[in-house]
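Chemist: Give me the fold of what follows.
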Amino acid sequence: EKMSMEVDKEEKVDYENPQFYKELTEEHLRTKSSVNSLEEPPTVLFAMTAGSQAFNLSTPASDRDYYAIYSLPLSSITSLSPPPFSFDTHSPFDFALYEAHKLCQLILKGNPKIIESIFADRLSYQTEAWKSLRSLGHYFHTQNTVDQYLGYAHAQIKDAERGRDLANYGKKYCHALRLLSEARRICNGQNPIVWWESGSEQREKLMNIRKGQYTIEALSQEYKQLEATVKEERQKLTALDTSPEAVSKLNEWLISVRKQNGKNVKGYIPNDSPHTILANNPSISPVLNVIQKHGIKCRVLAVYNKGMSVYSNAANFITPLEPNETEEWQLAIVAVETDQVVGIEPFLKRADENETDTSGGGGDSFTSKKGFAKAVVYEIFHFAKLFASGSSVALECFYGRENAVYEAPEWKELKQKVMEGAGNRGGWESMMQQYLGVAKPLLMECKSKRNVWEAERMIWEAENVLGRGGRVKVAVEGEGVEQMEKVAKMDKNALDFTEVKKTGLAKLDELRRQLAKAKLRKGEEEKEIFNQWISSIRSTHWRKE
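Modeler: Modelled structure (predicted):
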């Protein structure tokens, strides 16, 4: 008989058995398609009875809820499309499950439910990793944590006093006063009780409150007095919020959990430093300057020259730039240390000489908020997402033939895998949408010869992939060279931008019609190859350590 069925038959379940909670969590995770499809299953770190049962404040009518913490395998954490970091279900019982990263975020917010679970020692399953987390509990005795307790208690009272749960006011006040009692303990440097021992004076009073043996007026007065006491004693805590030391300790704990789940991923990456690469390739100094300026700890995977000069193999290729204009820059792909990727804090996505970005919102531009960048560094995770989305900048690095300044051996291996696995099958839908999407605003603005030239190049690439069944060329060939040079040679003062815009938009409309009929593939092959390769990169950094 399934475990979930047995839960409803209390006489068949040994709630004191830790294994029950572990097996129940594993079964529940298997019902989630995004988790069940993983090659490696998650690891259950902790699971317990939740709600009134966990505090020993239940009645015969109380439901039995559950709460668990799990850790995804490294290959899932580093995936371009990781599974959800939390699940919350309500049938046949309430069950909240949080991934270890989500757990850490909630701890840092001072979430009472999470803080209390750290100190729970009854009706639960606990791994040694989870038990080690308890030693960090004192770091979370902060004013922010107390404020969270006050907020949760206030929500319980509002539910009762607004009439939403007037018939059940005893339960609401019971939990509100329990929360305030726990908050007061934290104010005085003590850990939460969690389990209120049978026969104790405190538990007996809370149970009597729950059974409705006090009036709302009396409970309201007691609540207000205890709330005022907690707010006053809150000032004893010198820490307003979680300290940097606490964040660092929690980060170390999370990384140690990840490493335990990363044992089965194979691969090897030599650990060359950027300085070693520079010694053999002095031309990448703009990239090294960015890495050094921001203190980025990483392995350089590839460096590419970018700019209009890379769009032709012809030595005398003409671009629309004026003699005093320049647009040459470099793009680098790096892999930061795995600890940064799997830790609490957001890791690097993009950097240039002016700024760094950990949000992933920097896009694929060579410009930043502070202007033109001579070098842009992308972390491989963000680069791979750009590539999968069809970004022209990412694709043209990958498929370009003459613009590589440096490529690490494992990067060349990746390129070969992509070419063999999918790259020779032509473009995919999002790729074409990106190229056509970039060309349209260039034509709509259409105020310079450069806009026209860049739009024509995007159209040429789209025609090559969509109309001729090829793939991204980067370097313009054949009739494309003639067309691009024709634009470059035009007298900018004599250009009829209205006509150019009209002609270009007509080309785009035709290409969009072709795209709608073409039913191109989705690019999943490339994405999966990148996923497997990135997982290998991440795991081997750890193995080297």
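Chemist: In the helix or strand encompassing Gly437, which residues are buried?
Modeler: Using DSSP states H and E, Gly437 maps to helix 429-445. By 16 or more other Cβ atoms under 10 Å, the buried positions in helix 429-445 come out as Ser430, Met431, Met432, Gln433, Gln434, Tyr435, Leu436, Val438, Ala439, Leu442, Leu443. To be clear about C-beta, it is placed using only N, CA and C from the backbone, and glycine gets the same treatment.
Chemist: Kindly reformat the residues you listed as a markdown table and extend each row with pLDDT and distance to Lys412.
Modeler: Formatted as a markdown table, the buried residues of helix 429-445 follow (pLDDT from 0 to 100; distance: Cβ to Cβ, whole Å):
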| residue | pLDDT | distance to Lys412 |
| --- | --- | --- |
| Ser430 | 83 | 25 |
| Met431 | 83 | 22 |
| Met432 | 85 | 27 |
| Gln433 | 87 | 29 |
| Gln434 | 87 | 25 |
| Tyr435 | 86 | 26 |
| Leu436 | 90 | 31 |
| Val438 | 90 | 28 |
| Ala439 | 90 | 31 |
| Leu442 | 88 | 33 |
| Leu443 | 88 | 37 |
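Chemist: coming back round to it: residues in contact with the helix holding Gly437: which ones?
Modeler: By Cβ atoms under 8 Å, 6 or more residues apart in numbering, the residues outside helix 429-445 that reach it are 388-392, 395, 451-452, 454-455, 458-459, 461-462, 465-466, 472, 500-501, 504-505, 508, 511-512, 515, 520-523.
Chemist: Relative to the whole chain's centre, how far out is stretch 227-241?
Modeler: 34 Å (Cα atoms, centre = their mean, to the nearest Å).
Chemist: Would you indicate which residues of it are buried?
Modeler: Of the residues in stretch 227-241, Glu227, Val230, Glu233, Arg234, Leu237 count as buried by neighbour count, 16+ other Cβ under 10 Å.
Chemist: Any chance you could list what contacts that stretch?
Modeler: Residues outside stretch 227-241 that contact it (Cβ under 8 Å, 6+ apart) are 141-144, 146-147, 149-150, 153-154, 180, 183-184, 186-189.
Chemist: from the residues you listed, which ones fall inside strands?
Modeler: Among the contacts of stretch 227-241, DSSP state E puts none in strands.
Chemist: So how do I select the buried members of the residues you listed in ChimeraX?
Modeler: One line in ChimeraX is enough to select the buried members of the contacts of stretch 227-241, burial here meaning 16+ other Cβ under 10 Å:
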select :141,142,143,146,147,149,150,153,180,183,184,186,187
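Chemist: re the thing from before, hmm, which of the contacts of helix 429-445 are the buried ones?
Modeler: Among those, those scoring as buried are 388-392, 395, 451-452, 454-455, 458-459, 461-462, 465-466, 472, 500-501, 504-505, 508, 511-512, 515, 520, 523 (criterion: 16+ other Cβ under 10 Å).
Chemist: Tell me the pLDDT of Val265.
Modeler: On pLDDT, Val265 comes in at 41.
Chemist: go on, Ala351?
Modeler: Taking Ala351 on its own, its pLDDT is 92.
Chemist: Measure how buried it is and give me the count.
Modeler: By other Cβ atoms under 10 Å, the residues close to Ala351 number 27.
Chemist: ok, now the one 3 residues further on?
Modeler: Here the neighbour count serves as a burial measure; for Asn354 (other Cβ under 10 Å) it reads 15.
Chemist: what do you get for Ile77?
Modeler: Neighbours of Ile77 under the rule other Cβ under 10 Å: 22.
Chemist: pretty sure it contacts Val257?
Modeler: No. Checked against Cβ atoms under 8 Å, the pair Ile77 and Val257 is beyond contact range at 10.4 Å.
Chemist: quick one on the thing from earlier: out of the contacts of helix 429-445, list just those in helices.
Modeler: In this view, the contacts of helix 429-445 that belong to helices under DSSP state H are 388-389, 392, 395, 451-452, 454-455, 458-459, 461-462, 500-501, 504-505, 508, 511-512, 515.
Chemist: low pLDDT regions in the stretch 1-150 of the chain?
Modeler: Within the stretch 1-150 of the chain, the ranges that satisfy pLDDT under 70 run 1-11.
Chemist: Tell me where it has helices.
Modeler: For the stretch 1-150 of the chain, the helices defined by DSSP state H, counting those that start in this stretch occupy 3-7, 18-30, 33-36, 52-55, 74-77, 100-109, 112-118, 128-133, 143-161.
Chemist: of all the ones you listed, which lies closest to Trp411?
Modeler: Across the helices of the stretch 1-150 of the chain, Trp411 has its closest neighbour in helix 74-77 (19.7 Å, Cβ to Cβ).
Chemist: Please enumerate residues in contact with stretch 334-346?
Modeler: With Cβ under 8 Å, 6+ apart, stretch 334-346 has contacts from 74, 77-78, 101, 104-105, 108, 247, 250-251, 254-255, 258, 269, 291, 296-301, 347-348, 358-359, 377-381, 537-539, 541-542.
Chemist: Just the buried ones among those, please.
Modeler: 74, 77-78, 101, 104-105, 108, 247, 250-251, 254-255, 258, 269, 291, 296, 298-301, 347-348, 358, 377-381, 537-539, 541-542.
Chemist: Which ones among these map onto helices?
Modeler: 74, 77, 101, 104-105, 108, 247, 250-251, 254-255, 258, 291, 380-381, 537-539, 541-542.
Chemist: Identify the residue spatially nearest to Lys32, adjacent ones excluded.
Modeler: Closest residue to Lys32 apart from its sequence neighbours, by Cβ to Cβ, 6 or more residues apart in numbering: Phe87 at 6.0 Å.
Chemist: Quick check, the one you found in contact with Asp94.
Modeler: No. If you go by Cβ under 8 Å, Phe87 and Asp94 don't touch, sitting 11.5 Å apart.
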